[in-house]
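# Below is the sequence, then the predicted model.
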Amino acid sequence: MTDKTVLPRLDRLSRITAPLPMRERPPALSGLLAPKRFMSMLGLVLFLCALLLPFITASPYVISILTSAFIYVMIAMGLNVVVGYAGLLDLGYIAFVAVGAYTSGILSTQFGFSMLETVPFVILACIIAGLIIGGPTLRLRSDYLAIVTLGFGEIIRITATNLELTGGASGIHGIPTWEFFGWSFADGIELGGIFFSAKVLFYYFVVFVALGVATVGAARLASGKLGRAWKSVRDDEDASEAMGINGYKAKLSAYVIGAVWGGVAGSLLATHLSAISPPSFEFLYSALVLMAVVLGGMGSTPGVIIGALFVSLAPEFLRDFAEWRYLIFGVLLVVVMIFRPAGLWPANYVLPFLKKRVVEPVPTTNIPWAAVSKADVAAAEAELDATAPQPPAAPSAEQSPASDPGATDHGSRP
């Protein structure tokens, strides 16, 4: 038998006897206090609390600032995809919010589109904007990319200031609220004897879109194949490319997805304010969104939510201090960054009471070569021996050259 028939059996035998780890893998934590399950349940509880808030207080002021805060959370989620997951320093992210706000504002006020009908155009406009700015510039890194994105943000704002289509310096006014198939939030609705006003209905809509779709969608993207590629490029782009990841495509996809998140949030912001103008999209707002991501914890979904709520609501809570509130706000930011340099809730943070759970030690396996039983190994070896090529048999005495009378030994001397 040739070696070609023996080698596959040798290969199969080597696969059968492949070693296992010396220690077994510990079982995954289960129950309500498992970290992932606990965080999922906590997020669901907080989401239900946000839905119940209008039943506790339906003050127009409270509903208005909370609506703005949740829109801010969605904007921060989009920037977290770019900065936290892909590691791209973007200082002009508010430009995508402006693209979404102006696209929906122009289509709704000048062309008679409803806000729901403007959503596909907003997404398309943000994708085009992301490709235009990200296509030629995402090969840059660190400070160079930050300068380019900063310039892009200023270009969008100055362009909106000088175009007649965007209303110039006065902006766009009279942006309508959302309506669905002829029914508008402005009409309100009465359920169970309780009347829900337009502000409360829009608040619920923002909660579902910003906290439900945007937050869960960004978290799912981070845990998927694309999210792992983003994190690999963020940690070491050269090493990730050596492993077969196209760093340019990964960064461009993160940039475009972040642009879509910001554009949809800009459409919600335009409806909430009912008027937009170029001063609403200055560099300061890009810095505040970036501050929310860094302050909460880059790459951390709960951290970004906490950071966005802190940055958007802290000035409102400090309003009683009048002109001192921004000074106090700045001091609070410095204190937080001193004591929590990785953010309020870093990406690898685990709640302290979840760390105290006792995990039973896993005993060491007695048979490190426990891929199969010894009987299986012996049977494979026996099969290998049975099919191995046999050496040729020795000739018999009758067939030996010495007994053949016709045989002549030409090598012997006379």
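Received it, and whenever you're ready, just let me know what you need. Numbers count the residues shown, from 1 in each chain.
# got the residue ranges for the strands in the stretch 201-350 of the chain?
Assigned by DSSP state E, counting those that start in this stretch, the strands in the stretch 201-350 of the chain fall at 275-276.
# Residue 38 sits in which helix or strand?
helix 35-56 (DSSP states H and E).
# Pretty sure residue 176 sits against residue 113.
No. Using Cβ atoms under 8 Å, residue 176 is not in contact with residue 113; the gap is 9.5 Å. Quick note: C-beta positions are derived from backbone N, CA and C, even for glycine.
# circling back to that earlier point, average pLDDT across the helix holding residue 38?
Average pLDDT, helix 35-56: 87.
# In stretch 173-190, which of the residues would be classed as buried?
175-178, 185 (16 or more other Cβ atoms under 10 Å).
# Quick check, residue 202 in contact with residue 177.
Yes. Counting by Cβ under 8 Å, residue 202 does reach residue 177; the two are 6.3 Å apart.
# Need the residues touching each of these two.
The overlap between the contact sets of residue 202 and residue 177 (Cβ atoms under 8 Å, 6 or more residues apart in numbering) consists of 185, 271.
# residues contacting residue 190?
residue 196.
# secondary structure class for it?
strand (DSSP: H, G, I helix; E, B strand; the rest coil).
# Quickly note the distance from it to residue 208.
In this view, residue 190 and residue 208 are 20 Å apart by Cβ to Cβ, to the nearest Å.
# what's the spacing between the helix ranked longest in the chain and its chain's center?
Ranked by residue count and defined by DSSP state H, the top helix of the chain is helix 247-273. Distance of helix 247-273 from its chain centroid, counting by Cα atoms, centre = their mean, to the nearest Å, is 13 Å.
# what does stretch 274-294 give?
The answer for stretch 274-294 is 22 Å, by Cα atoms, centre = their mean.
# Okay, now that stretch: how far is its last residue from its first?
30 Å (Cα to Cα, to the nearest Å).
# re earlier: tell me the one among the buried residues of stretch 173-190 nearest to residue 329.
residue 175 (29.4 Å; Cβ to Cβ).
# so that closest one, which of the three states?
coil.
# from memory it sits against residue 103, does it?
No. Between residue 175 and residue 103 there is no contact under Cβ under 8 Å: 11.5 Å.
# shaky segments in the stretch 251-400 of the chain?
For the stretch 251-400 of the chain, the stretches flagged by pLDDT under 70 are 353-381, 383-400.
# ok, back up a step: next, format the buried residues of stretch 173-190 as JSON lines and append distance to residue 336 and pLDDT.
What follows is these, written out as JSON lines (distance: Cβ to Cβ, whole Å; pLDDT from 0 to 100):
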{"residue": "175", "distance to residue 336": "35", "pLDDT": "91"}
{"residue": "176", "distance to residue 336": "39", "pLDDT": "90"}
{"residue": "177", "distance to residue 336": "36", "pLDDT": "89"}
{"residue": "178", "distance to residue 336": "36", "pLDDT": "88"}
{"residue": "185", "distance to residue 336": "36", "pLDDT": "86"}
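# any idea how far the residue nearest to residue 262 when sequence neighbours are not counted lies from residue 274?
Distances taken as Cβ to Cβ, 6 or more residues apart in numbering place residue 96 nearest to residue 262, at 3.6 Å, with adjacent residues excluded. Residue 96 sits at a distance of 21 Å from residue 274 (criterion: Cβ to Cβ).
# List the backbone torsions phi and psi for residue 84.
phi -70, psi -40 (degrees, to the nearest 10).
# do you know how far it is from residue 215?
Distance of residue 84 to residue 215, given as Cβ to Cβ: 13 Å.
# More neighbours: the two, which one.
residue 84 (30 against 23; other Cβ atoms under 10 Å).
# Nearest the geometric middle of this structure, what residue?
What sits nearest the mean C-alpha location of the chain, by Cα atoms, centre = their mean, is residue 222, with 2.8 Å.
# for the residue nearest to that one when sequence neighbours are not counted, what are its contacts?
Nearest residue to residue 222 in three dimensions, chain neighbours excluded: residue 85, at 5.7 Å (Cβ to Cβ, 6+ apart). With contacts taken as Cβ under 8 Å, 6+ apart, residue 85 has the following neighbours: 221-222, 227, 230-231, 234, 254, 299.
# can we see that at 6 Å?
With contact taken as Cβ atoms under 6 Å, 6 or more residues apart in numbering, residue 85 is in contact with 222, 230, 299.
# Can you report how many residues lie near residue 150?
18.
# Run through the neighbouring helices and strands of the helix or strand hosting it.
Here residue 150 sits within helix 142-162, counting by DSSP H and E. When contacts are defined as 3 or more Cβ pairs under 6 Å, 6 or more residues apart in numbering; DSSP states H and E, helix 142-162 packs onto helix 94-110.
# can you give me how far stretch 170-184 is from the chain middle?
With Cα atoms, centre = their mean, you get 31 Å for stretch 170-184.
# Sorry, slip of the keys, the one I care about is stretch 209-223.
That offset, for stretch 209-223, works out to 8 Å (Cα atoms, centre = their mean).
# What average pLDDT does it get?
86.
# distance between the ends of that stretch?
20 Å.
# Residues touching it, excluding its own?
47, 70, 73-74, 77, 81, 85, 227, 301.
# Out of those, which sit inside helices?
47, 70, 73-74, 77, 227, 301.
# Would you point out the most distant pair within these?
Maximum distance among the ones in helices among the contacts of stretch 209-223 (Cβ to Cβ): 23.2 Å, for 70 and 227.
# which of the two has more neighbours?
Legend: neighbour count by other Cβ under 10 Å for residue 70 and residue 227, higher for residue 70 (27 against 20).
# residues in contact with the more buried one?
206-207, 210.
# In a markdown table: the residues you listed, plus distance to residue 141.
Below are the contacts of residue 70 laid out as a markdown table (distance: Cβ to Cβ, whole Å):
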| residue | distance to residue 141 |
| --- | --- |
| 206 | 35 |
| 207 | 37 |
| 210 | 31 |
